[in-house]
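*Asks:* requesting a structural model of the entry that follows:
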Amino acid sequence: MQTAATPVASPVASSPHVLGTRLRVLEAITSPDVNLSLWRRPAQADIAREVSTLSASRLPKLRHRTSADSFPADLSALLQRQGLEAAAFEHLVSDLCLLAEQFFKLSGNRDVKFQLVTTDSDNCGRFHVDTRYLRMICTYQGPGTEWLRDDQVDRFLLARGAPNDAVIRFGEPSHFQAFWVGIMKGEPGGSGNGLVHRSPSVAGSGQTRVLFCLDAEP
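*Replies:* A predicted model of the protein is given here:
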């Protein structure tokens with residue numbers, strides 16, 4: 001299990017999308033010009049085994065208020081409500097607490113909500129920008145979030161509800177792989193610079209996505 005790095009000043013980024021293989025890359029999201037920091041970490045076999053036991057309907061899509069102090073207890077309460085023993089998911093729980101710790105450091109004193117979801121349905125299939133200040137997302141199983149580089153996006157057409165094919169100026173979407181951790185900026189003030197992304201299609205594929213998400217409100 002990779003442990004948390006000591007916080008340092010966030011790097012000056014020359015790109016709005018900063019990708020790296022170390023935990024500290026997540027700190028790049030504090031740069032005003034960055035709308036995605038992506039930690040490209042390897043899969044962890046112990047967690048993969050734990051989440052493989054979860055059915056698509058086991059963890060419904062519900063948002064739960066949390067805080068830096070209460071997150072471990074809030075997560076445990078969620079698992080108990082769904083009839084799941086935290087001890088059976090010790091590696092997953094440890095990793096979720098690690099990610100939450102990093103997110104709270106970067107999100108300031110904003111209200112935070114979290115989701116731990118299992119699903120075999122499609123959701124948010126249209127490219128869009130969140131209205132939240134920051135979102136951390138990690139897919140532990142199944143296909144990950146799809147996203148567009150800034151130079152690929154026609155934001156004029158995006159704002160007018162154009163179909164996905166029209167919004168993409170060229171090329172194909174990028175996507176998170178399983179276990180990768182991304183923090184993306186939204187557009188709570190209508191700045192027009194948030195990360196454009198969507199959920200992947202899984203309906204009818206026989207796949208179950210296991211997804212963790214933390215949202216910092218504006």
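*Asks:* how about the helix or strand of the chain with the lowest mean pLDDT: buried residues?
*Replies:* Scoring the helices and strands of the chain by mean pLDDT, DSSP states H and E places helix 155-159 at the bottom, with a mean of 92. Using 16 or more other C-beta atoms under 10 Å as the test for burial, helix 155-159 gives L158. Heads up, the C-betas are built off the backbone N, CA and C, glycines and all.
*Asks:* roughly how far is it from the heart of the chain?
*Replies:* Remark: helix 155-159 is offset 23 Å from the chain centroid, using C-alpha atoms, centre = their mean, to the nearest Å.
*Asks:* if I look at V34, how far off is R160?
*Replies:* Remark: distance between V34 and R160 (C-beta to C-beta, to the nearest Å) = 26 Å.
*Asks:* which residues touch R132?
*Replies:* Neighbour list for R132: G186, P188, D215, A216, E217, P218 [criterion: C-beta atoms under 8 Å, 6 or more residues apart in numbering].
*Asks:* buried subset of those residues?
*Replies:* G186, P188, D215, A216.
*Asks:* just give me the least confident of the residues you listed.
*Replies:* pLDDT is lowest at P188 among the buried ones among the contacts of R132; the value there is 71.
*Asks:* give me the pLDDT for A13.
*Replies:* For A13, the model assigns a pLDDT of 49.
*Asks:* buried residues, stretch 157-171. List them.
*Replies:* Judged by neighbour count (16+ other C-beta under 10 Å), stretch 157-171 contains these buried residues: L158, V167, I168.
*Asks:* which one of these is nearest S67?
*Replies:* Distance to S67 across these (C-beta to C-beta) is lowest for L158, with 33.3 Å.
*Asks:* OK, contacts around that closest one?
*Replies:* Counted by C-beta under 8 Å, 6+ apart, L158 has contacts F127, H128, V129, V167, V196.
*Asks:* centre-most residue in the chain?
*Replies:* I137 (0.9 Å; C-alpha atoms, centre = their mean).
*Asks:* tell me the strands beside the helix or strand hosting it, with direction?
*Replies:* Using DSSP states H and E, I137 falls within strand 134-141. When sheet partners are counted by DSSP bridges, strand 134-141 sits next to strand 181-185 (antiparallel), strand 209-216 (antiparallel).
*Asks:* for G125, which non-adjacent residue is closest in space?
*Replies:* Once flanking residues are discounted, G125 sits nearest to R198: 5.9 Å by C-beta to C-beta, 6 or more residues apart in numbering.
*Asks:* re earlier: now, of the strands paired with strand 134-141, which is deepest in the fold?
*Replies:* Mean neighbours per residue, mean count of other C-beta atoms under 10 Å, is largest over the strands paired with strand 134-141 for strand 181-185, with a mean of 25.
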